[in-house]
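Q: Based on what follows, work out the 3D shape:
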Amino acid sequence: RACARAAVGRPKAVGWDGARGLARRAGGAPLREPFTVLGIETSCDDTGVAVVRSDGEILGEAIASQAELHEAWGGVVPGIARDAHRDALGGAVE
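A: All right, here's what the predicted structure looks like:
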């Protein structure tokens with residue numbers, strides 16, 4: 001458990017050897033080449049995106065924070081957060 005806790009908040013990657021057994025085409029045949037994944041994460045007040053290859057190479061990443069937007073309210077306002085995620089997502093992906 002100590003090892004798992006030490007990894008919290010640190011970048012993670014699936015090595016190609018580990019991904020080989022997990023990565024399958026729709027028909028069930030294993031993929032033989034690395035694949036690319038677009039990851040999108042939205043927390044209460046952040047919108048994050050990353051493009052990562054299955055061999056662990058990070059091709060790009062971006063984060064849009066809403067901290068300043070919610071500061072006036074003293075905390076996260078769900079409707080404002082929803083709208084800010086919607087507005088930030090396209091720019092973060094680009």
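
Q: isn't Leu69 right next to Asp83, touching?
A: No - Leu69 is beyond contact range of Asp83, at 9.6 Å (criterion: Cβ atoms under 8 Å). All C-beta atoms are positioned from the backbone trio N, CA, C, and that covers glycine.

Q: Quick check: the gap between Ile58 and Ser65.
A: To Ser65, Ile58 is 19 Å away according to Cβ to Cβ, to the nearest Å.

Q: Looking at these two, which is more packed in?
A: Neighbours per residue (other Cβ atoms under 10 Å) separate Ile58 from Ser65, with Ser65 holding more: 14 against 11.

Q: just the helices in this protein please.
A: For the chain, the helices defined by DSSP state H occupy 2-6, 16-22, 67-71, 78-93.

Q: Against Gly48, how distant is Ile40?
A: Counting by Cβ to Cβ - Ile40 and Gly48 are separated by 7 Å.

Q: Quick one: residues contacting the residue nearest to Ala88 when sequence neighbours are not counted.
A: Leaving aside its sequence neighbours, Ala88 sits nearest to Ala64 (Cβ to Cβ, 6 or more residues apart in numbering; 3.8 Å). By Cβ atoms under 8 Å, 6 or more residues apart in numbering, the residues touching Ala64 are Asp46, Thr47, Gly48, Ala84, Ala88, Gly91, Ala92.
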